[in-house]
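Student: With the input below, show me the fold.
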Amino acid sequence: MKHLALAAAAFLAAAPALAESHGPVVRTVQGSYDDVMFDVETAITNAGLVIDAVNHVGDMLERTKADVGSTTTIFTHAQVFNFCSAEVSRAVMEADPMNLQFCPYTIFVMEQPGAVGEITVGRRTYPAGTMDQVSDLLDGIIDEALTGY
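Tutor: Presented below is the predicted three-dimensional model:
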């Protein structure tokens, strides 16, 4: 019973850090949404990567809000870039084939109605260790894209 109590206490102590580690990594800048989108796209292609898709999430949510019984506009703009890196993907999947679950990699760009001109760029948080290369790649792309803001 004492071991169970100690394990529960350790879990509860770590719970805030665990919850925090699952949120996205984001940076917010002041600027034009179109300019930031262009800069993110350029940074992805400058890294030698091919964008597989651009998901227009904001447009879809706005277009379908009445269909699902909502009146709330969540984003003025929101798009997600999907892409992969053969080199980085091979490295992380050779280290752990289950890293397949994280491919393709994504970077999102969004603006919300109450904060026009405040553009948020972000990525998912990946597990430390074998996915560090992906985190570093995405952070480098975001850093390049937001240089000068």
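Student: Now do the contacts for the spatially most central residue of the chain.
Tutor: Per Cα atoms, centre = their mean, the C-alpha nearest to the average position across the chain is that of Arg123, at 1.7 Å. For Arg123, the contact set (Cβ atoms under 8 Å, 6 or more residues apart in numbering) comprises Pro24, Val25, Tyr105, Thr106, Ile107, Phe108, Ser135, Leu138, Asp139, Ile142. For the C-beta atoms, the positions are set from N, CA and C on the backbone; glycine is no exception.
Student: again, but for Val25
Tutor: Val25 sits next to Gly122, Arg123, Arg124, Thr125, Ser135, Leu138, Asp139 when contact means Cβ under 8 Å, 6+ apart.
Student: hmm, back to that, now for the contacts of Arg123: which two are most distant?
Tutor: Greatest spatial distance among these (Cβ to Cβ): Phe108 and Ser135, at 15.1 Å.
Student: Which positions within stretch 69-76 qualify as buried?
Tutor: Neighbour-count burial for stretch 69-76, with 16 or more other Cβ atoms under 10 Å as criterion, is recorded at Phe75, Thr76.
Student: Extract the C-alpha set from that stretch and format it as PDB.
Tutor: This file holds the C-alpha atoms of stretch 69-76, laid out as PDB (Å, rounded to 0.1, in the frame of the first residue of the first chain):
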ATOM      1  CA  GLY A  69     -25.200  24.500 -34.700                       C
ATOM      2  CA  SER A  70     -22.500  27.100 -33.900                       C
ATOM      3  CA  THR A  71     -22.300  30.800 -34.400                       C
ATOM      4  CA  THR A  72     -18.700  31.200 -33.100                       C
ATOM      5  CA  THR A  73     -15.900  32.300 -35.400                       C
ATOM      6  CA  ILE A  74     -12.800  30.700 -33.900                       C
ATOM      7  CA  PHE A  75     -10.200  32.000 -36.400                       C
ATOM      8  CA  THR A  76     -10.000  34.900 -38.800                       C
END
